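[1] Need coordinates for the following:
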Amino acid sequence: MTIKETHDTILFVIKKTRNEFVSHEDIDRALDIAQMSLFAELIGNYRRYPEQAMVNSGRLLSDLNPFRERQQFLPGDYNSTTDPFALDDGILVLPVDFLYFDGDGAYSVVMDGSNARNRPIEILPYDEFAERSDSSLSPPTVTDPIGVFDGKGGTVNSVDIGEKMKLRLLPDAISGFIVYFRRPLLPVYAYTVVDRVETYDSAASVHLEWNDNCAHVIIKKALQTLGATTEDMVVLQEMVREESTSQ
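    Numbers count the residues shown, from 1 in each chain. Below you'll find the predicted structure:
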């Protein structure tokens, strides 16, 4: 569903029931609030019941799949432009849109002969990380690495990382990858107005990344944010019913 179709649906419902003016900017804000609400619900269910989600709810994984990313990292000098995923002296700068790890989230890659084997990196609370880092009985190794969230912001390799989060890993020169969920893109309905005539700009717009089922849920939530009435919800449900019947 394009951002234009999304806006058209919301404006149709509001006009049909209340005939009120709502700007595209207000709709974009409501859509973002709505999609983050849905994202929180889905990711909460997925993280709370991961095994049940994988076995019984392929739809849940499908709904979240557009936001699931995999990124390799290698030891090196961090540079936000040329090498943003370098593990610099044990510090990995996480992407600016990082929200949650998927499962273990971080893995080291260990070569076993000609075979590459993935070893989960145990993400620990800071006190446990500090204890393990100095342990002679259970020190971190390439096959048993550890990590800790190390705050956000500051500099890495003399580069200002802004508000990005950091992950500290031990050993500090391992190679591996992270699997994480990123933030959904902010929806943007782009348009121009010339002589009071509004023209939609598809190329400059940012569409919702969700499938149509989720988009309908987001539209409902956005309408509620915009002060939807019971009548609004009835109109929306009828529109969805007619759309599913015509397919």
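
[2] Report the buried residues of stretch 215-228.
    Of the residues in stretch 215-228, 215-226, 228 count as buried by neighbour count, 16 or more other CB atoms under 10 Å. C-betas here are computed from N, CA, C, even on glycine.

[3] Please narrow those residues to those residing in helices.
    Within those, residues falling in helices by DSSP state H are 215, 216, 217, 218, 219, 220, 221, 222, 223, 224, 225.

[4] Confirm for me that the fifth one is in contact with residue 5.
    No - using CB atoms under 8 Å, residue 219 is not in contact with residue 5; the gap is 9.8 Å.

[5] residue ranges with poor pLDDT in this protein?
    When residues are selected by pLDDT under 70, those of the chain lie in 49-60, 232, 239-240, 242-247.

[6] So which bits of the strand ranked longest in it are buried?
    Counting residues, the longest strand in the chain under DSSP state E turns out to be strand 98-112. In terms of neighbour count (16+ other CB under 10 Å), strand 98-112 has its buried residues at 98, 99, 101, 102, 105, 106, 107, 108, 109, 110.

[7] Who are the contact partners of the first one?
    Under the criterion of CB atoms under 8 Å, 6 or more residues apart in numbering, the contact list for residue 98 reads 164, 165, 180, 182, 183.

[8] Let me know the closest of these to residue 204.
    Compare each of the contacts of residue 98 with residue 204 using CB to CB and the shortest gap goes to residue 183, at 20.2 Å.

[9] What's the local residue count around the closest residue to that closest one other than its chain neighbours?
    When the adjacent residues along the chain are set aside, residue 183 lies closest to residue 97, with 4.4 Å between them (CB to CB, 6 or more residues apart in numbering). The number of residues packed near residue 97 is 14, by other CB atoms under 10 Å.
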